[in-house]
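> Pasted the sequence and its predicted model underneath.
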Amino acid sequence: MTAKKKPSARAARREAERAAVKLARDRERLAALEAGGAPERPIDLASASEVEITARSMPCPRCGGEVRVDEHLAETIGAQRLRIAKVFCPGCGARRSIYFRLGGLLPN
Ligand SMILES: [Zn+2]
């Protein structure tokens with residue numbers, strides 16, 4: 001009895017919005033799997049002075065915008081001494097942590 005309605009423009013827009021949200025989530029998940037996205041996958045740096053520069057050079061995974069570094073922390077996770085850059089994207093409000101390991105490039 002229920003006649004199938006043609007999708008309205010509004011429904012189509014909602015659909016597109018849902019797809020965009022899903023895409024953004026997928027991108028964030030992907031970024032977490034890349035180098036620097038998790039404590040198990042830190043980016044090797046020669047010195048602490050490169051942490052913020054490198055973090056800033058990595059665009060927001062959600063919108064591709066420029067991020068700023070809110071905090072730069074030193075933490076020991078397991079046996080590793082890591083630096084963590086907490087970045088914030090003013091464009092879309094996304095926050096994430098990028099992990100670095102220092103001294104990987106130093107000669108013994
Ligand atoms: Zn963003």
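Thanks, I have it.
> hey, let's count contacts and neighbours off CA atoms from now on
OK.
> Let's test this: mean pLDDT of the longest helix belonging to the chain, rounded?
Longest helix of the chain, by residue count under DSSP state H: helix 9-33. Averaged across helix 9-33, pLDDT comes to 92.
> Up against the ion, what does this protein have?
Contact residues (CA under 5 Å from the ion) of the chain with the ion: Cys60, Arg62, Cys63, Cys89, Gly91, Cys92.
> quick one on the thing from earlier: show the subsequent helix or strand relative to the longest helix of the chain.
Sequence order places strand 43-45 as the next helix or strand after helix 9-33, per DSSP states H and E.
> strand partners of that next one, parallel vs antiparallel please.
Here strand 43-45 has these sheet partners by DSSP bridges: strand 95-102 (parallel).
> got the contact list for the partner strand?
With CA atoms under 8 Å, 6 or more residues apart in numbering as the test, strand 95-102 has contacts from 36-39, 41-48, 51, 55, 80-89.
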